[in-house]
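>>> task: produce atomic coordinates for the following.
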Amino acid sequence: MTGKERVARAMRREKADRVPVFCQLSLGHYMIHSGTAAHRIWLSPEDFTDALVERALRYRFDGVLVNLPGRPRDWETMVASIEGNGTETRVHWRGGGMTLCPDADNAHYFGPVGRPSLDEVDPSSLYYIEPHCITEVTHPFSFDFAPPSSTRGPAFFPEYYLDTLKLAIRKCGEELHVSSEIFSPFTQLMELLGYSEGLLALMDDPEKCERMLASLADGAAELAVLQAGAGADAVLVSSAFAGAGFLSLEHYRRFVLPYEKSIAERVHRETKAPIYVHTCGSIGDRIGAMAEVGYDGIDTMDPPPLGNTDIAKAKRDFGDRLFLKGNLDPVNILLNGSDDAIRMRAKELIETAGEGGGYILSTACSVSPGTDPDKIAILSEASVHNPY
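Predicted coordinates for the structure are as follows:
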């Protein structure tokens, strides 16, 4: 059975020949372990997808997550100069601005455009905001030095936007599952305004925030459908900050649930791709609300002390409605734990959540940049040696 088939069965809550293994690696992990310069991981779809597939094969993963967008196909001609000091690289652009690329972390763009205030935003002007653009978040939003677009629908997204996803699909072939990623409306709102200012906006003018979220949901749904149409096996909604450590359940139901629900409904209506959500931290009080969204599965499920998800309870209460992915502590177990501790925890998760299918063995959140590759490989070994 291929990894693609294995993950597909798990996402349908069916048994495969073994529990599939599929972790999200931090971008810093690719930068450290791929042998490719950090700025090229960030900027080159070819180099990033090479690293993505190479690491998946090294760790015997059953799937990959494509969590960077395509880049302008002539991006290298847009570079004025590149300089490095051994710990970071600075890419200076001909049109102005600079991208700072640490050797083990996400890059950041420094340019003339700042964040808008809530008063400066017209909700009807919003559609989708891509925080991982070269120029990150601008207002009015534009992709990678291009002027803002008033177009809506598929034409809003540049022709090159899906290049990274298409490359990964081609390189993975029929062997590996490929998940794409979109940012949730709530995450986009927070990225646009800034996280402190965004939370204040929910209190100062909740009705305007709701109009903003509705516009952003339309763009996110459009992108999800485009990704599925390009061949993504599933779509992941990155809603990282919708957990209890950041947002109350009351506010989750008001500012997150309706807008993610509209995305899930359109994906189910127009595609055959499963759609699932990635939310960090404590979600024990809102897994039921996530099920109400209409998701096919939940990713992350941080265990204590990172979060509060009891995997046995989640399996018991929601295993007939949702596939479950994650719950292995990426810091205390995978990064800092012993090999035996990793094997033991993986075995516990397979026994607890793997029963009957519908579970994907994974770290709760991203694998840390400095995690020993040999430790990561233990997860696949554990899956092979611990059948259902």
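>>> what helix or strand is the nearest residue to V121 once chain neighbours are set aside on?
Excluding its sequence neighbours, the residue lying closest to V121 (Cβ to Cβ, 6 or more residues apart in numbering) is M212, at 6.5 Å. To be clear about C-beta, it is placed using only N, CA and C from the backbone, and glycine gets the same treatment. Element membership of M212 [criterion: DSSP states H and E] is helix 206-230.
>>> how many other residues sit next to L249?
15 (other Cβ atoms under 10 Å).
>>> could you do the one 5 residues further on as well?
Summarising burial for R254: neighbours were counted as other Cβ under 10 Å, giving 17.
>>> contact partners for it?
Residues counted as contacts of R254 (Cβ atoms under 8 Å, 6 or more residues apart in numbering) are 206, 210.
>>> what do you get for S124?
Applying Cβ under 8 Å, 6+ apart, the residues contacting S124 are 211, 215.
>>> low-confidence stretches in the chain?
Scanning the chain for pLDDT under 70 picks out 388.
>>> would you map the helices across it?
Defined through DSSP state H, the helices belonging to the chain, from first to last, are 3-11, 27-33, 38-43, 45-58, 163-172, 185-193, 195-204, 206-230, 249-255, 257-270, 287-293, 311-318, 339-353, 373-385.
>>> what does the third one rub up against?
Read that as helix 38-43. Around helix 38-43, the neighbours that count as contacts under Cβ under 8 Å, 6+ apart are 27, 30-31, 34, 47-48, 51, 68, 71, 75, 82, 88-89, 91, 99, 101-104, 106-107, 134.
>>> put the alpha carbons of that helix into CSV.
The C-alpha coordinates for helix 38-43 follow below in CSV (Å, rounded to 0.1, in the frame of the first residue of the first chain):
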residue,chain,number,x,y,z
ALA,A,38,17.8,29.0,3.7
HIS,A,39,16.8,31.8,1.4
ARG,A,40,16.4,29.3,-1.4
ILE,A,41,14.1,27.2,0.7
TRP,A,42,12.0,30.3,1.2
LEU,A,43,12.1,31.7,-2.3
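>>> from the chain's centre, how far out does it sit?
From the chain centre to the centre of helix 38-43 is a distance of 18 Å (Cα atoms, centre = their mean, to the nearest Å).
>>> do the same with the second one
Taking Cα atoms, centre = their mean, one finds helix 27-33 lying 16 Å from the centre of the chain it belongs to.
>>> packing partners of it?
helix 38-43, helix 45-58 (3 or more Cβ pairs under 8 Å, 6 or more residues apart in numbering; DSSP states H and E).
>>> most tightly packed of those?
Per residue and on average, the most neighbours among those fall to helix 38-43, with a mean of 23 (mean count of other Cβ atoms under 10 Å).
>>> in stretch 230-241, what counts as buried?
Along stretch 230-241, these residues count as buried under the neighbour rule (16 or more other Cβ atoms under 10 Å): 231-241.
>>> same deal with stretch 313-330?
Buried residues in stretch 313-330, counted by 16+ other Cβ under 10 Å: 314-315, 318-319, 321-330.
>>> also stretch 113-124?
Counting neighbours by 16+ other Cβ under 10 Å, the buried set in stretch 113-124 is 116, 118, 121.
>>> what's the closest of those residues to Y259?
Of all the buried residues of stretch 113-124, V121 has the smallest distance to Y259: 16.1 Å, by Cβ to Cβ.
>>> that older thread, buried ones among the contacts of helix 38-43?
Buried among the contacts of helix 38-43 by 16+ other Cβ under 10 Å: 27, 30-31, 34, 47-48, 51, 68, 71, 75, 88-89, 91, 99, 101-104, 106-107, 134.
>>> run through the residues that contact G153.
In this structure, G153 makes contact with E222, judged by Cβ under 8 Å, 6+ apart.
>>> I meant P185, not that one.
For P185, the contacting residues are 212-214, 216-217, 220, 256, 259-260, 263, taking Cβ under 8 Å, 6+ apart as the criterion.
>>> now, of these, which are buried?
With neighbours counted using 16+ other Cβ under 10 Å, those contain these buried positions: 212-214, 216-217, 220, 256, 259-260, 263.
>>> so how far is stretch 268-275 from its chain's centroid?
Per Cα atoms, centre = their mean, the centroid offset for stretch 268-275 relative to its chain is 18 Å.
>>> how far does it stretch from start to finish?
Here the two ends of stretch 268-275 are set 8 Å apart, with distance taken as Cα to Cα, to the nearest Å.
>>> next, the buried residues of that stretch.
Going through stretch 268-275 with 16+ other Cβ under 10 Å, the ones that come out buried are 271, 273-275.
>>> ok, residues contacting it?
Judged by Cβ under 8 Å, 6+ apart, the contacts made with stretch 268-275 from elsewhere in the structure are 11-12, 224-225, 227-229, 232-237, 263-264, 267, 294-297, 323.
>>> apply 10 Å and report the result again.
Residues lying outside stretch 268-275 but in contact with it, judged by Cβ atoms under 10 Å, 6 or more residues apart in numbering, are 7-8, 10-12, 179-180, 182, 221, 224-229, 231-237, 260, 263-267, 293-297, 323.
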